[in-house]
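J.: From the sequence below, what's the structure:
(chains A and B)
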Amino acid sequence: MAEVTMTVNGKSVTKSVKGNTLMTDFLREELRLTGTHVGCDTSQCGACVIHVNGQAVKSCTMFAAEADGAEVATIEGQANADGSLSVIQAAFQEHHGLQCGFCTPGMVMSAAALLKENPKPTEAEVRDYLEGNICRCTGYHNIVKAIMAASGQDVSSIAAE
Amino acid sequence: MSVAKPLPHDAARLHVTGSARYVDDIPTPAGCLHLAFGLAEIASGTIARIDLDQTRSAPGVVGVWCAKDLPTDCDCSPSAHDEPLLSDDSIHYLGQPVFLVAATSHLAARKAVALASITYEERKPILSIDEALEAGSHFEEGPRIWQKGDAEQAIQSAPHRLDGEIEIGGQEHFYLEGQAALAVPQEGGDMLVHSSTQHPTEIQHKVAHALDIPMHAVRVETRRMGGGFGGKESQGNALAIACAVVALQTGKPAKMRYDRDDDFMVTGKRHDFRIHYSAGFDAKGRLQGLAFTQYARCGWAQDLSLPVADRAMLHATNAYFVPNVRIESHRLKTNTQSATAFRGFGGPQGMLGMERVMDHVAHHLDLDPTAVRQANYFGSDQNAVPAAVQTTPYGQPVEEFALGEMTKALIESSDFKARQDAVRAWNETQPVLKKGLALTPVMFGISFTLTHLNQAGALVHVYQDGSIHLNHGGTEMGQGLFQKVAQVAASRFGVGLETIKITATDTAKVPNTSATAASSGSDLNGMAVLAACDTIRNRMADHLAQLWQVPSDKIAFGDTSVTDGNRTISFAEAAKLCYEGRISLSSTGFYRTPKLEWDRLRGQGRPFFYFAYGVSASEVVVDTLSGEYRILRADILHDCGASLNPALDIGQIEGGFVQGAGWLTTEELVWDDKGRLRTHAPSTYKIPACSDRPDVFNVALWDGANQEDTIYRSKAVGEPPFMHGISVLMALSDAVASCGRGYPDLNAPATPERVLAAVRRVQNEL
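T.: As a prediction, the model looks like this:
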């Protein structure tokens, strides 16, 4: 067991964890932040994407101990301080960028990381960036549309409203 | 009225904030145990010796169960009682659960499983369709055969004839949330089960059977699934039963979720098929006689294979009138995972067989495949009798046929003819990249083919503050059923959706429900909820009419208020008045689909209440040096009747198309010669990714109301759009055909390897 300290969604957290505790288990079981989902256990589906020091990371293949001292953001910390939805969250809701919702937290976290580094991505850039996030329900169309809309771009030309 | 509005998914806010709860997210009482199965490492044989000592003594392990330790056989089958929870020493497929471990954590349980030592006496497994045929290994007494007219005679006497065969691969559901269950023991031996299932009543039934207690002692709750697609119709039984057994015997809550690899290895998938066809037709490609032999690989247990194979037969001629048809269906038993329900339920395989015939006939005659399809449609000019009296091969009259008009509309809106010319011109000048364009129709029958399943119940309460509690037997797996049904309830009471509380599916609220399957969710549950709401609303109207001394029919509900034309009060005030007037504000509702009559042994009757229609056109480009390809554009026109929620329906169509295209292109299941599934993770099994979606993707709803009296005249939408993916395979066939004179003979999934092989074959055929 080792003590780790990190900031999660703006709050400092200190816990004692085993060396082999995965970041997903730390978030889900220790902190009860269950919005970070486990879809494949092998860092391929992207349902577990969080931000560590501002970078999008698949938390199912990261140890909690590796986040010692880090700034961590999860889906639970994405809404605005007053509880209203962030621009990206609101866009996923409005543009029907979700069905079963299991991939949604990872999608939102990936989208947030993308728009931070590239505030006005092209459609092709959005699709390319989301290669590591699998959705089985939507066919991706409305996810791409939601992210384009969240970046402030006109999505009226993206058909199939 | 909230019906017909494109409202977002009811749980969208919960999803985007990470607060929507799935089974694995439910806070568990202290001491919860975590379960894992030990899986067979051979496909066929018996267990010679099993040593679980190290597993038992592994850190965190609380208990280990083999078949003999279970209270009963703990059968998991939804049909034939042929799926014991744990192997009784005989092994039927590689991945079959042999023993069960309960430990203090998920990881501890999995680690303990790996310490088991089992030796086997192996038998040669029956894996392929050919091996099963040779061994006579099948379900039912023999092949099922349905016919209409004399197919053999019609094929013999037709001016043209061709024979062919298509192999159609299976498909892993890949619901993003794997199978999961949680059992919490209650007093007196009762059991509460949370399950990620499309069929809570089946979970209740199977858990009650396993524990040898009445169904009333088991309550199953399902708030949502992270995707189902048919994979959670019967495949959740094993986990729920395992959790319930452990919970009963230890007195502790027990939870189980499959690791993704285990999910692939243990659970059933879409049936793979081989379809042989013989077609007799005239110079315009109009079919005169048609014979299919369908071979379905069902895996080791019967599960839902009989109705799946039946539906493949029911859709074997898709949207076409064929005067003489013979369909023979073999349901083969193999030492592989038990193939199960998957969106379309055999319909896609049957339909693909027919679309393959259309493509092959058009190629044979050097005709435009779209024209050949149109010439064979129900109600097309060739047939002197009006469409209304044309019947399907199983004798159901096709009373409404929208595809003639829909096809014309899509040809127009997608600029199909001009693009066909452009593709032809491109292919004449381009040596390496070849394009293909194809249009295919979907005609999908709506209703469970097991007629008694076409029933649903609902429970609605209006509280004295005017808020409304809504419950029904349908389950939410992302399709938006809960929102659609809430829209129905809101419309009946004339209130906003914020007034309605959507609640988890619960076997203690609505009993004896059918699976949320066969696209029937909103058709059945919408009607049941409507009945419940109207019962309450009529009681309220009668009471207010009495209070106000007006006739009941003067009382109207709308804008969250109730009026008699003179007085208007809020809905909440009305609820309070009714409560004080001692009026029951709670009601059940019930619905059974009318007009159904079906004899599956004869293959005759009316299995379907109505048909849902759609047509799609896909354009692809193929690299003839590598076999790789892209979908350039897809246009879809789909019939949802008068849509309950156009946004949710379009979402189903987009997602269905992409999933269907994945089935026929990149999603390849590979078993080795020992029967081990080699594609058991997203690293080796490729479902469509974000960049696989077509560059241009146009989806539109066909404007029309259901001719049958369905909920607000809407049509079911879950499964039908899946089959639009067939147009992608046919577009690939079109592109490959441009490489030479031979017929591409493309099997599914058309992976780049198969496309490349087809290109070579076509190029070499002079």
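J.: How about the secondary structure of the residue nearest the centre of chain A?
T.: In chain A, the C-alpha nearest the mean C-alpha coordinate belongs to A:Met109, at 2.2 Å (C-alpha atoms, centre = their mean). What DSSP: H, G, I helix; E, B strand; the rest coil gives for A:Met109 is helix.
J.: Please verify my assumption that it contacts A:Gln78.
T.: Yes. Counting by C-beta atoms under 8 Å, A:Met109 touches A:Gln78, with 7.5 Å between them. For glycine as for every other residue, the C-beta is placed from the backbone atoms N, C-alpha and C.
J.: from chain A, which residue is nearest to chain B?
T.: Here chain A gets closest to chain B at one residue, A:Gly35, 1.8 Å apart by C-beta to the nearest C-beta.
J.: Check the spacing between that residue and B:Leu14 real quick.
T.: Taking C-beta to C-beta, to the nearest Å as the measure, A:Gly35 falls 9 Å from B:Leu14.
J.: With B:Met351 instead?
T.: Taking C-beta to C-beta, one finds B:Met351 at 36 Å from B:Leu14.
J.: Which one's more surrounded, the two?
T.: Using other C-beta atoms under 10 Å in any protein chain shown as the criterion, B:Met351 and B:Leu14 rank with B:Met351 on top: 27 against 16.
J.: hang on, the more buried one in a strand?
T.: No. Per three-state DSSP, B:Met351 lies outside any strand segment and is helix.
J.: mind listing what it touches?
T.: B:315-316, B:318, B:442, B:723, B:726 (C-beta atoms under 8 Å, 6 or more residues apart in numbering or on different chains).
J.: make it 6 Å
T.: Going by C-beta atoms under 6 Å, 6 or more residues apart in numbering or on different chains, B:Met351 touches B:315, B:318, B:723.
J.: Of those, which is the most crowded?
T.: Top of the contacts of B:Met351 by neighbour count (other C-beta under 10 Å): B:Met723, with 30 neighbours.
J.: Just the element for the nearest residue to that one once chain neighbours are set aside, please.
T.: Excluding the flanking residues, the one nearest B:Met723 by C-beta to C-beta, 6 or more residues apart in numbering or on different chains is B:Val442, at 4.5 Å. Assigned by DSSP states H and E, B:Val442 belongs to strand B:433-446.
J.: Just list what that strand packs against, helices and strands only.
T.: In terms of contacts (3 or more C-beta pairs under 6 Å, 6 or more residues apart in numbering or on different chains; DSSP states H and E), strand B:433-446 is packed against helix B:416-429, strand B:610-623, helix B:726-737.
J.: Partner strands of it and their direction?
T.: Sheet pairing of strand B:433-446 (DSSP bridges) gives strand B:610-623 (antiparallel).
J.: Tell me how far the partner strand lies from the chain's centre.
T.: In terms of C-alpha atoms, centre = their mean, to the nearest Å, the centre of strand B:610-623 is found 19 Å from the chain centre.
J.: Next to chain B, which bits of chain A? Give me the list.
T.: Within chain A, the residues that sit near chain B (C-beta under 6 Å from any C-beta of the partner chain) are A:34-35, A:39-41, A:44-45, A:47, A:75-76, A:79, A:89, A:92-93, A:96, A:98-105, A:108, A:127, A:130-131, A:136-141, A:159-160.
J.: mind listing which of the residues you listed are in helices?
T.: Using DSSP state H, the members of the residues of chain A next to chain B that fall within helices are A:89, A:92-93, A:104-105, A:108, A:127, A:141.
J.: Out of those residues, flag the one nearest to B:Gln479.
T.: A:Thr104 (15.0 Å; C-beta to C-beta).
J.: neighbours of that closest one, just the number please.
T.: 36.
J.: Just list the residues touching it, thanks.
T.: For A:Thr104, the contact set (C-beta under 6 Å, 6+ apart) comprises A:98, B:15.
J.: Extract the C-alpha trace of stretch B:291-311 and format it as CSV.
T.: Taking Å, rounded to 0.1, in the frame of the first residue of the first chain, the C-alpha atoms of stretch B:291-311 are listed here in CSV:
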residue,chain,number,x,y,z
ALA,B,291,-35.4,-22.2,-54.0
PHE,B,292,-33.3,-21.5,-51.0
THR,B,293,-31.5,-23.8,-48.7
GLN,B,294,-30.5,-22.0,-45.5
TYR,B,295,-27.9,-23.5,-43.2
ALA,B,296,-27.7,-21.8,-39.8
ARG,B,297,-24.9,-22.5,-37.4
CYS,B,298,-26.6,-22.5,-34.0
GLY,B,299,-23.8,-23.5,-31.6
TRP,B,300,-24.1,-25.9,-28.7
ALA,B,301,-27.5,-25.1,-27.3
GLN,B,302,-30.9,-24.4,-28.8
ASP,B,303,-31.4,-20.9,-27.1
LEU,B,304,-33.4,-18.8,-29.6
SER,B,305,-32.2,-20.6,-32.7
LEU,B,306,-35.5,-21.9,-33.9
PRO,B,307,-37.3,-18.6,-34.0
VAL,B,308,-34.2,-17.0,-35.5
ALA,B,309,-34.0,-19.5,-38.3
ASP,B,310,-37.8,-19.1,-38.8
ARG,B,311,-37.4,-15.4,-39.3
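J.: My guess is B:Thr503 contacts B:His472. True?
T.: No. In this structure, B:Thr503 is not within contact of B:His472 by C-beta atoms under 6 Å, at 9.2 Å.
J.: Tell me what B:Ser616 is bridged to.
T.: B:Thr440, B:Ile636.
J.: Quick one: neighbours of it, just the number.
T.: B:Ser616 has 31 neighbours, counted by other C-beta under 10 Å.
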